[in-house]
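S.K.: Build me a model from this:
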Amino acid sequence: MSAIQWTIKSFPELTPAELYDILKLRSEVFIVEQQCIFLDMDDKDQGSRHLQGRLDDELVAYCRIIPPGLAYEEPSIGRVVGSPRYRGKGAGIALMENAIQETIRLYGTLPIKIGAQLYLKRFYENLGFVQCSETYLEDDILHIKMTRKP
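M.R.: The predicted structure follows:
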């Protein structure tokens, strides 16, 4: 497997094909695979940066980096998703490591806050995030808020 190529773009910089790939992957995992009917387009994409990981032009990992004040007081990383075809190969860890570095580059050494699906708690803890809320139900999936201190 060749190396994942990472790019980060603002919303206006995304090509129509890139936006299509992003929305398709998010729908494939969050709506179809997780059987969760929700409105994925939440008006936060336009103000966010979009981190894409591609192998041979196929989108294998994606997240958005949300500026302070749009979702939380702190900057945030959201819509973290990996292609089911590439799970277990390190793309998710590489995605989050890149996302953390990009968030620091963009916003400095502020805490980073995320809303995580509860079953991924250990994954995020291994990246330095700590639970900072009780569990809550969002779109019929248990979530927790987590923060990563600088």
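S.K.: the strands in the chain, which residues?
M.R.: Counting by DSSP state E, the segments of the chain that form strands are 5-10, 49-55, 58-66, 76-82, 112-117, 130-131, 136-138, 141-148.
S.K.: Tabulate those (JSON lines), appending mean pLDDT.
M.R.: Formatted as JSON lines, the entries for the strands of the chain read as follows, by pLDDT from 0 to 100:
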{"stretch": "strand 5-10", "mean pLDDT": "98"}
{"stretch": "strand 49-55", "mean pLDDT": "97"}
{"stretch": "strand 58-66", "mean pLDDT": "98"}
{"stretch": "strand 76-82", "mean pLDDT": "97"}
{"stretch": "strand 112-117", "mean pLDDT": "97"}
{"stretch": "strand 130-131", "mean pLDDT": "98"}
{"stretch": "strand 136-138", "mean pLDDT": "94"}
{"stretch": "strand 141-148", "mean pLDDT": "97"}
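S.K.: out of those, which comes closest to residue 95?
M.R.: strand 58-66 (4.0 Å; Cβ to Cβ). In this view, the C-beta of every residue, glycine as well, is placed from N, C-alpha and C.
S.K.: hmm, who's touching that closest one?
M.R.: Outside strand 58-66, the residues within contact range by Cβ atoms under 8 Å, 6 or more residues apart in numbering are 4, 8, 18, 21-22, 25-26, 44-45, 47-54, 72, 75-83, 85-86, 91-92, 94-96, 99, 102-103, 106.
S.K.: Fine, thanks again, bye for now.
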